[in-house]
Every structure is written in structure tokens, then in C-alpha cells.
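S.K.: Build the 3D model from these lines:
(chains A and B)
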Protein chains: 2
Amino acid sequence: MRHVFLFDAEPSDGDLRSLLGGKGAGLSEMTRLGIPVPPGFTLDTRVCAHFRRSGGEYPEGLPAQVDEALAAVEEKVGRRFGDAANPLLLSVRSGAAISMPGMMDTILNLGLNDETVQGLAQTSGDRRFAFDAYRRLLQMYGDVVLGVPHARFEEALSELKGEAGDRAMLDADLSAEALETLVGRYQELIASAGRPFPQDVHAQLWGAIEAVFGSWDNPRAVRYRKMQGIPEDLGTACNVQAMVFGNMGETSGSGVAFTRNPSTGEKMLYGEFLPNAQGEDVVAGIRTPRPLTAAAALPGQESLSLERSMPEAFAAIAHHCATLEAHFGDMQDVEFTIERGRAYILQTRRGKRTAQAAVRIAVDMVGEGAIDRDRALLQVEADSLEQLLHARLPSPEELAAQGVLPLASGLPASPGAATGEVVFDADEAERKAAEGRDVILVRRETSPEDIHGMKAARGIVTATGGMTSHAAVVARGLGKPCVAGVGSLHVDYGRRIMTFRKVDGSATTLEAGATLTLDGTHGKVYAGALDVVAAATIPELETLLSWADEARVLRVRANADTPRAARSARSFGAEGIGLCRTEHMFFAEERLEAVRCMVLAPDEGTRERWLERIEPMQRDDFEGILETMDGLPVTVRLLDWPLHEFLPKNDAELESVAAALGEPVSQVRERAEALGEVNPMLGYRAVRVGLTIPAIVRTQVRALVEATARRRASGGDPRPEIMIPVVCAHGELVAMRRIVEAEIEATRARVGELGPIPVGTMIELPRACLVADRLAADADFFSFGTNDLTQTTFGISRDDAARFLPAYIDTLGVLEDDPFAHLDEEGVGALVALACERGRRTRPQLGLGICGEHGGDPRSIAFVARLGLDYVSCSPPRLPIARLAAAQAALRA
Amino acid sequence: MRHVFLFDAEPSDGDLRSLLGGKGAGLSEMTRLGIPVPPGFTLDTRVCAHFRRSGGEYPEGLPAQVDEALAAVEEKVGRRFGDAANPLLLSVRSGAAISMPGMMDTILNLGLNDETVQGLAQTSGDRRFAFDAYRRLLQMYGDVVLGVPHARFEEALSELKGEAGDRAMLDADLSAEALETLVGRYQELIASAGRPFPQDVHAQLWGAIEAVFGSWDNPRAVRYRKMQGIPEDLGTACNVQAMVFGNMGETSGSGVAFTRNPSTGEKMLYGEFLPNAQGEDVVAGIRTPRPLTAAAALPGQESLSLERSMPEAFAAIAHHCATLEAHFGDMQDVEFTIERGRAYILQTRRGKRTAQAAVRIAVDMVGEGAIDRDRALLQVEADSLEQLLHARLPSPEELAAQGVLPLASGLPASPGAATGEVVFDADEAERKAAEGRDVILVRRETSPEDIHGMKAARGIVTATGGMTSHAAVVARGLGKPCVAGVGSLHVDYGRRIMTFRKVDGSATTLEAGATLTLDGTHGKVYAGALDVVAAATIPELETLLSWADEARVLRVRANADTPRAARSARSFGAEGIGLCRTEHMFFAEERLEAVRCMVLAPDEGTRERWLERIEPMQRDDFEGILETMDGLPVTVRLLDWPLHEFLPKNDAELESVAAALGEPVSQVRERAEALGEVNPMLGYRAVRVGLTIPAIVRTQVRALVEATARRRASGGDPRPEIMIPVVCAHGELVAMRRIVEAEIEATRARVGELGPIPVGTMIELPRACLVADRLAADADFFSFGTNDLTQTTFGISRDDAARFLPAYIDTLGVLEDDPFAHLDEEGVGALVALACERGRRTRPQLGLGICGEHGGDPRSIAFVARLGLDYVSCSPPRLPIARLAAAQAALRA
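M.R.: Numbers count the residues shown, from 1 in each chain, chains lettered A, B, ... in the order given. Predicted structure coming up:
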């Protein structure tokens, strides 16, 4: 059986990648494209399987196949392996079908021994280069094949430097003689450890091959595969390739070329190179690399560019880059080496790029006819569009890699990033902002009295409150970044200081005026000023999104609670509103008091009077929203208050409510205290309130129905839908639907024809999923509220998770992802799937949507697309992400 | 086909009950036993089906079959239907296979007309009796068969009374002449409404039969069946029976006999009768009935008893009662009528009884050889044993029926009932109790400083706090009734008043010293003193439970947290501890401060020092528990704190903790505030704390392992198991198990062999059920914590449910049952079933138990028995209930 494949051999029938590994398949593919890849061959993964199964044996006939392939390589390069005068050097590398970066071993410069090193010195004309290559081989081979600890080589090197007078000297400063000495010492070191370094180059080669196949089972690789879920029996291939050297003088060099500008996406060859250097020197960054093109060079330094200094090699590389980009249909990141004027391509891969570049490249390449629209849509990572929509910081992981750690974590309550000086007071925020200063408003919590300060601030941080707290809701409405519920934050207004306290007891205290940077996208707070990248405007984005709209099956709606948010949603491409949270309409100061009075009313009569005041406000809002969304569905969720947000927070508010109600403060306080809850998330809310105080429901339905009638009277096409939240039992839905429909009928009798008003339910509790078959009998649609469904399924309050959830994900590895960022498919997703299946069994035409924050997460969108949901609904700024993700889900289906 | 069956006919092949209905089958069964039942016959349920299908037609040949049966009845009674001189009267009653009490119609005295009424007057010698019977027939027939509104008859009656001079006079005071006049007016009334009353007695009979079959489809019956889930096509039978009259003079009478004393269970004929009266007169309670036996009569009134006044009839009835009890194998409640010295049995049914009587009867009947043990076990309602174990009030429903409504509802935190005067202060409670007064301690919440007052009080009421609050835990430990978390209660310590406020705004205020009654079993508080029934001691209970232990498959463990509770558990028959809540060990005052210091420690070092102080306390407790439960499993749950219970509640406690820690109060306060949570139920608890502060886990494991070693050193057989709570992800279990096992190994190395210590997990979150297959890979057992599982599955916090859950169940009918009292099979139960199935798929030998409060609920026990769980675990006083319920589940399987 054929086990050894030259890079230019015809591909076998099976899957090239699983046969030759990713690296081998790539080298083969490039070679067959006519790209000048240093010649070589691959021992396939079946050899690895045989090797492991047999305990270290090779398939019969393998040596002969290797010899034959080696002869072909010698023929192509014009050098012979082990030839003392003009030796061929080889690299031996592993490469599995699935990439396992850094997990397995590589050996370079194979083929050097005490004889051939002299030949290399001769042919290269560089004795130092030859011995440097030799000592590197000894070190790698000693370590990888013969098991001599790496540190022993470092010690020997350090000792030699000491003898040369400077233990701290750079390797590059070692003379040829010193390196020759080192080669001797390395050989002694290896021999004294057991087995001497083989002078026989074929023994070297087989030692290296054995090490590569053996490395599949090294503990690090086993652990990595286990973690990544890579099958044990996949096995690695082994790639043997002729060495080329970029450090053979001034007509040699190494570099990296991007086929387009990875920052902007502009079509141009972009990259850098170093003359007389190996690839690792470019990476090491000790010497300053030069630009590839004259255009990219500093004025007057154009001659240093590759384009001018080695025009032929440049032309060859540019040609190969174009070939590769066209072949792979995507921007490439290409490693090249020039050996004495001859360009070799060592590797090509998909080039990393900014979101901005990704969009432009995808759209440009369609314009150039290089790829089709589907391909373009799949080339842009949907989540990356977030970068274009908000000011931002590098991710917490990137910052951590730079040693920048957050002071504290909280909830990512409103996306974006901002830097400014800390103020603790809304008036002060306004005053300082008026002076042109950037301020960050830090509060224990916010209330309507703080809104002017929130408007003036660049960003908001609160110590308490969740994703639906006043601060979070208002900040999202204002488009300001906000980190809410920073549990470790203690604000002392009196002393004008804030303290961040860690679990280990350590604390950081900042005074008013200190500089703070916040990342509302990730829920992090940093000390000092970090560089905030502004939001970008990309004309190509609209083009890409219009293609996405054609490709996708999922409809895309917005979560929007006010006419203003509805307008923003339309500008981002919303096809309706999937979640209009009626309680959010109450946060404006003049409304909040009426709501507080309604909540704290001493009797039903008083409550209804305050409801009467609220009704026209809701009606006007509904009318504005229906007008903005004319002809599109608007799903109005009946009241699901965060009750504590509607209770007076201090004596002044309490007194004001008492005065409005005409009652003693003590009584109102007592009533407010009685409404306090142990677990508000699992408490008196939503349908539970609606069924026990149906007057609230009737008011809301009336307001919506009257707004609908007005829109129809104005010639509009209003499409309201009513959604009942937090249902856990079929009886709740039946009883609530009865109240809702009775009110619709009663109002219809007064205002005339309204068109259909579907009534559905939010599915946000595990039990609702389990009884979905019964719920569907009385629901026109289901909308999955995956935020609360995640909280109850996991038993984790998002507002309280800061003390353990970050550790679960980052340190302890107990969870792979934040289930509030990506829908947990195993648990929550299983319940969603169950509910879809059971619901549709009862009512095949049941409408299905998702309106939790997962509605804007690409991975979650792909999941719900597989379940066959009709739409996703997300916050307006995430609509572009959702549109693209929905298109990708459709294309991948 | 045969459709008409005489009561003494041989039974048909099929199911008698579904053919003849419940009533018809019973009459047939009694008749065939030789019991003197007034003769009659049944038209079977297939007639009903035919009648409904055909739109009111009867099967062919039915009239002939009825005529034939009627002739047989006439023969037996010696009277003829429609005979002017000596008429046979009939009753016509419906009766379906499933009882639908009061839902369908009955007509009595059929066969009277203007002629036969004279014959009845003649033969009875009582003209008034005859016309009273006739006017009753007219009223029933007019209403039921001819559709004349009932109210019209009432009006006519009222008018007649008016003419007689007194509209308020009793019916019984109407003279024979007045009744004769009424008969005439009723006939006019009926005729004027459309159809006259038929003088043809056969027309009467067929009209009544049609009404009975037609009544199956009356709207009330249809609604009732829909509610109860009774199939529509079941249909009713129609029973035609000769009338007998207990009001034919002093040798006639009616009464009720229990075959045993329904209060005590004593074997004796027990009941009462009225001479010269119909059955409804006994029920109406206008005349004072007389005892059946001389023994039950007041001294000197023995002659009034049935035994003395009609010895032959008494002997016959006693004989029939014995026959019926022996036949049905259970105590019977028998209705009889004596017509001119001849005793007839009209009905027999299972007699209602107290729990005490139920136990005694069951055990006695086995002793008498009347039934076997299995039958005895099934005859006692497991839940009713609750009545024997605690002092109690009538149920809230029973009290409501008497017009006694609770002031407020709270959580049923500790069972039992108590009456006493309100005190707001522990010292005062102790002082007054020392004076011999019964006090009820009412607090906003309790803390360790209140324990002496709790010990002195008869019962405890708190305004805040859940089922795991200090008050609840301590009250259960003390065996005192407690209602916790009465949300509508506001306590003003300063003014020494308490106010209960309803949702509608109304309020009731009570001062210190007012009398209050509390029902800790149902979580209700009543104003004033209600009669509290003391707990009973029944020697037969032990016998019954020993039989239950032999019959059951499920093992029964206790939830017990202290050596004292463990001893109580063993006395109630525990076969181990299923749930030892380690945090409950911390509630004692001297321990609580150490725990507070541990929680609020500024750094890890300090925390570990405080943990060191806690460790010996835990170790001693564990040792005591393991000793009490020697040879039996003891499942220790690792810390699952209700965090807020362990934080200082006031300045004094805060200062004390600060002093102990040697820190400024302000810093400790800040830290305590930072630990406050929005939703503690979904917050930082259990495994989440254990993984982030593993020192706590290590301390607990060490304490348990050392206690185990000590027990082994003392020759004991300790069987500890470790349970990890609140797991939602497999990774948590893996990481926690690693910590636990490392500590076991480390300690084992020091203390020597320990025997196996299984490690399992509590399943109390929906996600844990969904990933049970993965959890089972690393869990030796699952124990279902159905309290929290119910809370998260429903999204209902038990501590906050008072505002809507009672309304859901009682008023709105949204839920059939309280899911915290009976495991919700449709939702929570489905998750439990899923987890069992998935868990066992991974690990067939997986141990399975339930340790939520449902573990002591018979209906839930039956459910988990069907799922094949290994054990239930409940609070010690519910163990007898669980043992009996488990036996019943096994017998019914």
C-alpha cells in the first residue's frame, strides 16, 4: 500500500486532509498549483495508526518508499542527503488532520553531521551559518529524539558565553569558532546522556520520523486532544521537506505577505521581510523588517523595499500570492523565503483581519468576480461586526495578555467603551461635561433623578442592579456604555471614594476625579486610561447586509420599548419588534411617580385612578411604535415589572409618593416594605401580577388596542401582537388570555375593526417548555425568553453570578462558555428544542421566535435556525450581526 | 339484548359497575347478599348510550323489559303501581359508574295521582303524609321532568303560608288540608306552564326515566365531567326502586349506623335514628335523634334507644351491618329505614373516620381475621397520620366552611397548632411562660438571641424568612409549630403592635397580649382562640407501621442535622439519614459568631483560622450522628448556606463580629453589604462557594472523615456519604469531587482505613436533570432536592409565593395543587423521571433518593416509587407517613 506521497503526487481518492494531515495536504495542494514549495513528501496518517497499533513498527515496505521519495527530492533540489560536498538538509514535521498548534514536534536541519557541516560551510560560504545550523539540529534532535533535557543545552550555551566573557551576550554574537566549540560540547552532552548523536543521516531521519509518530502520544498532546474533543485514533502524518535558507547572503531573505491590507481590506500586497534572515528572525523582531512594496516604504526609503531591492523575487511572490488568493478564494497570509534570489513559499493560510477589512475584502472580492455572494457572507465573522458598531477596547483576554487586568467585573449592561474621570453625582457629571471633560458616572444605583448626569457622562458604572435595572435600561436607550451590578464595588458618597474589593480581601480605592476605563461590551472596569477604538463607518457593510437579507430564512426583529428605539431598530434593518417591554416605558421621571403610586395604592379604586393616568402615556408610546413599524409585527409584552425598581428608593421619593396618594408616609413605607422580596426573579411578577391585579392588564390592552385603532384611522397598517410573560402553567395562559380577549372585544366594540391581534406567550421557565404541548393549545406564538430560561435552568441569577461565574469559565474551567452570552445547547437548548417540538405537535402553525439576548448572538442564532424558529429578536445595534448570522446559518444548512 | 336488571338478578359477565352504574351495582350487590333492600331494577348504561346516540329513542323491547321487571317488584312488595287502593310508589334515580354527586336528578314518590293519593292516605292512615308525598312528587316532577322553575313552587308555597297567616311557618306545620290545597295549586301551576302533570302513572315513570337519561347532558353535569376528566360516553344507568317510608307511625323510623365508632375505632354499632321519620329528617337535624344502642344512651334514657324501643328491627340492622362489613372488609356507614317494624337497608358505603379510628379499625380487623395485612395497610390514608403526630386545627377549608378565615398566610415552616397571647420579645415570652401563660412569639425574624423565647413559646410567627430561615429551622428542631414569612405582617416593636395588611389594602392590627392561633401545618394565622386538638397516642400504630415496613420496597430515611434530630429520626423508624444539612449545625449562638467571622474574614488566612474553630464542632456533631445511625447510611450535604442568614442582622452583631476579627466596624459592614444578593436562591451558594473557597469544603470533609475514624476506633460501623449540592454542570461535580476525594485521601493517610465513602450529588436544578447522564459518570448517587427543583422549574420562590400562589390554587384555579406540597408530576416529575432514566443509563447501579419535603408526601412517594427510586428522606415526624405511603405504593404496584 502506498504510504509515502511526494508533494506533487496526484492526490489519492480519499480525503486528502485525513490522509496527509492539514500541513501535508496544504503543501501538496500548493505544489500542484505550481507554487514553488521546497520539495518533500508526506508519510500518511495510516503509518501512525500502524506504528501505534504495533508498538513502534512500520508498515512493510515503508523504508523503500521513503528512499524512493527522498531520491526524487534530491533530484529536484540538485543536492544529495548526506553528501559531504553539497548536502541536502531536511525538516521533519508532524501534522494531523485537525490542527494541534505547538502540541507536537519539529526537527530542522536534518542531514548535518561532522562531515556535511563542512560542505554546507563551503557551499554557503558562511562557516558561522553552517555551525549555527548544526548546533540547532543537535539541540532539537537531542531534546526531541534522544530525550536530553532542553535545560542542559541552555546551561552549556550559557557556560560558553561565560567563557567568552559575557553570559548575557546574544546568540547572534557568538562567533563561528564558539559555535564549533558548542557543537562539540553538545555532542558530548548527548553522548553522556546515553546514546550519541547519529552521524549517519539516514539514522537521523528515521529517528526524527519515529519521534514525530511517537509525539502523538505525549501527555501534552493527549491532554490537548481530550480537552478539544479530538479523537485519539486520528493520528498524525509526518512531513519531510527540503530545507531552504533565507540567510545565505544579501540575495536571500524571509518574509510574510498578506494579499490584502488586513487592517483596511485595501487590495494591495502588504507585509514585510528581512534580507539575509530566516523566518524565525522576522518573528523574533530583533531586526527591523522592511516593507514589501515601495508604496508602503517611508519617503526616501523606497529602495529598501523588496519590490525595489529584489524585483524579480518580489514579482514572483506577488504572482504566487495572487494565485493562492484566487485558489482559496480568500485573503491569504503567506510565508516566503528567498534563497539566493529564488523565492519559495513555505506556507499559506487564511489571513487574520479586522472586522472592517473583513467586510471590505468580502464585498470587493465579489466585485472582482473572485467569489460569489454566499462565500462572501460566510467569510465575515458575524460577531466581529460588533467592532464596527461601538467604541471598544481590546478584549479582556487580549488586555490580560498585555498584563492589563480589570479592577472589577460586572454585568455587560450596555455595550461600548469609554474613558473618563470618576464622578459620583449626576449634577457634577453635568457640570464637568459642560467644561468639556470626559466623565464616568459611578453610582450605587441610578434613578430617574440621575438621567441628566447619565446623558452627560461617557459611561456609567453601578454597584448594584441587573440587566434590567434602571441604569442598564437607560444606558442602552442612550447608547452609552454601562457596567452594572459590580458586586465588589462599594461607593462612599460622603467621602467621595469608591472601593473595589476582591474575594481574597484585597482592595483598591479610587477618589472622585480618578481616571477609569469601562468596557460595557464585556462588563469590565479598568483603572486609568486605556486606548478606546472608535466605531467605524464602512460603506461595504450595507452591501453585505443586503446580500445577507436575501440569503437568510430567519426573520430579524428588534427588542425596542419606545418610538425612538423603534426608529433606531428600523435603521438597523428590523423587520418588526419581537419584544416591547412595556415596563420600560415607565422609567421616565414623570411617569415613574404615577407607577409608584399605582403600585403602592391603598385600594383598588386608587390603583385604577393611577392606572388611568398611565394609560394615555402607554397609548401614545404604542401609537408611535406602531407608526414606526407600520406593516410589521410589534410584539407587546404585558407588564413584567422588576418590582423593586418601581418602589421608592429613599425618603424623598417615599414622601413624594405619600403626598401624591394623600397618605401618611409611615403607611406607604410599611406597604413598600411588605412588597420587598427575597428572590424577585422568582417572585411576584408578570402574569402573576396580571392575574391578581387584572386592572393593570386591562389598562395595557386598552392602550394598545386604542393605539391600533388610531393608526388604522390614520390609514396605517398596525400589526400588534400581545405576549404573556413568565407563564409556568397552562391555567395561567388560559385565564390571562381570557382577560386579554375580553378587553380587546370590549374595546373593539367602541373603536371598531382592528384586524387580528395574535396572543402568545413568552417561554422563559423550564416548566413552560415541559408543558409546551398544552400551552400551544392557547398560544398563537411562543417567544423564547432565554435570559430568564437560562437563569432558572441553571439556577443562576445573572445579577449575582459575578462571585463565581467568571471563575467557573476562566479559572476553574467548569463551564466552557458564559451561558448568558451563548445559548447553552446541552441544557437550555434542549428545553427550547423540546418546547418547539411539543408546541408544534399541538399547533403546526405555531409562531416561534427568540427574544432573549441570545437573539443577537451568532452561535445561538445558528442553533435556533437549526430548530426551525421563525425569527430572532435582539437589541437594535445587534441587528446587523443577527442579519449576517442568520444568513450564515441558512447557507450552512 | 337484556337492558333491565332486577336487583336480585344474576350479575352479567362484564363489569357490573360500568353496566349498572355505582348505585345500581351497589343495590344489586346488597340484594344478592340477602340484605333487605327495597326491591327494584336498573336500566343499564347502554340504554343511555342508545338514548343519546338516537336523539331520545330507547332500544327495541325496552318497555316490555321494564313492564316485566315492574311486575316482579309489585309481586315482591305486594302492592301494584297505580293501584288506587294500595299503590306501589317508586323512586327513579340516576347513577353513573363514577360518582357525580348532586350532578344529576332524582324523583321520589312516583306513582301518586289524584286517585292513588287517597289509597296511600288510607293504607298509611295518615292523610297529611299522603298529600305531603304527593306535593313533593309534583314539585320534583314539575321541576325536573317538565321544566317548571323551582322558584315558582316556592312562591306558591309561600303564598299559601301567607294565607294561613304566617309566611315563615315550617312546612311540617302545614295541615293536611293546606297540603291538599297546595297539591291543587301545584297542578294548576304545572298545567299553566305548558304540559299538565300526568295522572297516568306509567307516563310518570317514562317521563322520569327520560329525565334521568337526559340529565347526563345537562350543562352542570357536562362541566363537572370536564373538570373531573370523566369521559362523556360513560353514560348513566337509571335505578327504579320501590319506596319505603320511615314516617308511617311509631313502628317506623330512619337512621344511620356505623359498624364501628368512627372517632375511636371501637368495635360497636354506632349511630342514631329518628322514629316516625324519613331519612332526610335525620339529616335535616330539626328533631333530636336517638342513639342506636342502650349503651350509648344517657343514663336513664336507655329505653329511647333503637335497641330497646324496636329490638327486632335493631337486631336485624345489627345483623345486616355485620354482613356488610364482613363483605366489604371495611367499616361501613349504613342508611336504614324501618317501615312498620320492617328494616330496610337503603345504602352502604365506606365510613369516614378519624385517623385514630382508621388505624385501630385496620389493625383490629386483621386481628379478627376479617382482612389481611395488605388490605389493612391500604385502608389507612397515609397523610391522615399527620393528625396523630401533632396538635392540630381543623383544615383551613373546614374552618372556612365554618366561616373562620385566617388573618394571614405564610409558610408552613414547622407543623402543629397552638393558641396563646402575642408577645414580641423573647424575654417577655420566657417571663410570661414562667407564669404559666401560653404565648405566641411574633417577630419580624428570629436570631440566636431569641432561642430562649422560642423554647418558652407555644408557637412562633415571623414576618420574613423562608423554609430554611433561622426561625423555621429552630422551630422544627424544637418541635414547635411555626408560620414563617408572613408577607402581609408588619411588626412595630416600638408601639408593640402587629398589622396584617391584605392586598386590597384593608388591615387588622393586634396589640401585644391579643390572642392568636397558628396552624404551622398549613401556614395560617387566625385571630382569637380556636380549638386545638392534641396529638394522640395509638398503640395500634406501631403494629400497622411494622406491617408497612415488611410490605414496602422504598427505604425510608430522615432529614436530620443534629445528633438530637437523628435520635428522634430513629425513634420514628428512620433507616438512615438522607439529608444532613451541615449549615444547620451553625445556628446555635456560640457557633454562629464563628461562622459569621469565617464568612466576613478579610483574607484567606483569617478565614482558615475561623474554620479551624468550626471544625471540631462539626466533627463532634458528625460523630454523634454517625453513632446514632450506626450501621445506617448518613448522607452529609456539603455547605449550602442561606448566606443572608449568616450575615450580621444588626449593629450589635456587626460590632461583635468586628471585635472578634479585630477590624473596624465600617470595613466589616462594607463587606457584609457587598455579600447582599438580589436573588439568593439563585446566587452564591453550595458548590459555587465550595469551588471558590475550597477551604470550607476541606474543613467539612476532614471533620466528617475524622468523626468516621473515631467511630471505627470505638468499634462502630459508620456509613457516611458525601453529597454535593446545587450542581448545574458536570464540570462542577468533577472539580468538587476532586477536592473532596483529595481531602479524604489526605485524612485517610493520617487516620487509617475508613471504609467506602460514596460521593453523590443533589439534583435540584433543571439543568442537572437534563445532563444527568454526564453527572452519573461522576456521582455514586443522586438525591433529588425537589424543593429547589420545584422553585426553579416553576420559577417560583417559595418565600415570595404568598402573594399569588394561594390565589392560583384557591381562587383562580390556575394550579390544581400546591407544587411544594405535592410533587408536580407533569413538570418537575418529568424532569425527575428524565434524570433517573439518563442517570441509570450511564450507571446502572446509581443510588436514587429524594430528600425534598415531597419525601414525606404520600402522593409524591407513590410517584417516586413508580420511578423506582431507592429511598425517600423526610423530616422525622413524617417518617410514619412515609413508611405507610411507601407500603401502599408497593402494594398498589
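S.K.: So for the spatially most central residue of chain A, what's the nearest residue that isn't a sequence neighbour?
M.R.: Centroid-nearest residue in chain A, with Cα atoms, centre = their mean: residue A:383, separated by 6.2 Å. Leaving aside its chain neighbours, residue A:383 sits nearest to residue A:858 (5.2 Å; criterion: Cβ to Cβ, 6 or more residues apart in numbering or on different chains). The C-beta positions use only the backbone N, C-alpha and C, and glycine is treated the same way.
S.K.: tell me the contacts of the one you found?
M.R.: A:381, A:382, A:383, A:881, A:882, A:884, A:885, A:888 (Cβ atoms under 8 Å, 6 or more residues apart in numbering or on different chains).
S.K.: And for residue A:357?
M.R.: So residue A:357 contacts A:260, A:261, A:262, A:263, A:264, A:265, A:331 (Cβ under 8 Å, 6+ apart).
S.K.: Can you tell me which residues in the stretch 101-250 of chain A are near chain B?
M.R.: Counting by Cβ under 8 Å from any Cβ of the partner chain, no residue of the stretch 101-250 of chain A lies close to chain B.
S.K.: Which ChimeraX command selects the buried ones in the contacts of residue A:357?
M.R.: Applying 16 or more other Cβ atoms under 10 Å in any protein chain shown to the contacts of residue A:357, the buried members can be selected in ChimeraX as follows:
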select /A:260,261,262,264,265,331
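S.K.: hmm, back to that, return the item of the contacts of residue A:858 having minimum pLDDT.
M.R.: Between the contacts of residue A:858, the one the model trusts least by pLDDT is residue A:383, at 89.
S.K.: Against chain B, how distant is it?
M.R.: 24 Å (Cβ to the nearest Cβ, to the nearest Å).
S.K.: quick one: contacts for that residue?
M.R.: Neighbours of residue A:383 in contact, by Cβ under 8 Å, 6+ apart: A:857, A:858, A:881, A:885.
S.K.: Could you find the closest non-adjacent residue to residue A:795?
M.R.: residue B:765 (4.0 Å).
S.K.: ok, and for stretch A:363-379, which residues are buried?
M.R.: Under 16+ other Cβ under 10 Å, the buried positions of stretch A:363-379 are A:363, A:364, A:365, A:366, A:371, A:373, A:374, A:376, A:377, A:378, A:379.
S.K.: Pick out whichever of these sits closest to residue A:151.
M.R.: residue A:379 (44.5 Å; Cβ to Cβ).
S.K.: Dihedrals phi and psi, the closest one?
M.R.: Torsion angles at residue A:379 (phi, psi; degrees, to the nearest 10) stand at phi -80, psi -10.
S.K.: Name the nearest residue to it, sequence neighbours excluded.
M.R.: residue A:362 (4.7 Å).
S.K.: Quick check: chain neighbours aside, which residue is closest to residue A:617?
M.R.: Nearest non-adjacent residue to residue A:617 (Cβ to Cβ, 6+ apart): residue A:591, at 5.7 Å.
S.K.: Kindly report the same for residue A:351.
M.R.: Nearest one to residue A:351, counting by Cβ to Cβ, 6+ apart, is residue A:333 at 3.8 Å.
S.K.: Against chain B, how distant is the one you found?
M.R.: 35 Å.
S.K.: For that residue, give the beta-bridge partners.
M.R.: Using DSSP bridges, the bridge partners assigned to residue A:333 are residue A:258, residue A:349.
S.K.: pretty sure it is touching residue A:346, no?
M.R.: No. In this structure residue A:333 lies outside contact range of residue A:346 using Cβ atoms under 8 Å: 11.6 Å.
S.K.: Heading C-terminal from whichever strand or helix holds residue A:626, find the next helix or strand.
M.R.: Residue A:626 is part of helix A:604-628, with elements assigned from DSSP states H and E. Downstream of helix A:604-628, the first helix or strand assigned by DSSP H and E is strand A:633-637.
S.K.: Tell me which helix or strand comes right after that following strand.
M.R.: helix A:651-661.
S.K.: Buried residues in that following helix, which are they?
M.R.: For helix A:651-661, using 16+ other Cβ under 10 Å, the buried residues are A:653, A:654, A:656, A:657, A:658, A:661.
S.K.: Residues contacting it, please?
M.R.: A:447, A:593, A:596-597, A:600-602, A:606, A:648, A:664-665, A:667-669, A:672.
S.K.: got the CA coordinates for it in PDB?
M.R.: Provided in PDB are the C-alpha atoms of helix A:651-661 (Å, rounded to 0.1, in the frame of the first residue of the first chain):
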ATOM      1  CA  ASP A 651     -37.200  59.100  51.900                       C
ATOM      2  CA  ALA A 652     -37.700  61.900  49.400                       C
ATOM      3  CA  GLU A 653     -39.300  59.500  46.900                       C
ATOM      4  CA  LEU A 654     -41.300  57.900  49.600                       C
ATOM      5  CA  GLU A 655     -42.600  61.300  50.800                       C
ATOM      6  CA  SER A 656     -43.400  62.300  47.300                       C
ATOM      7  CA  VAL A 657     -45.500  59.200  46.700                       C
ATOM      8  CA  ALA A 658     -47.200  59.600  50.100                       C
ATOM      9  CA  ALA A 659     -48.100  63.200  49.200                       C
ATOM     10  CA  ALA A 660     -49.400  62.200  45.800                       C
ATOM     11  CA  LEU A 661     -51.500  59.400  47.400                       C
END
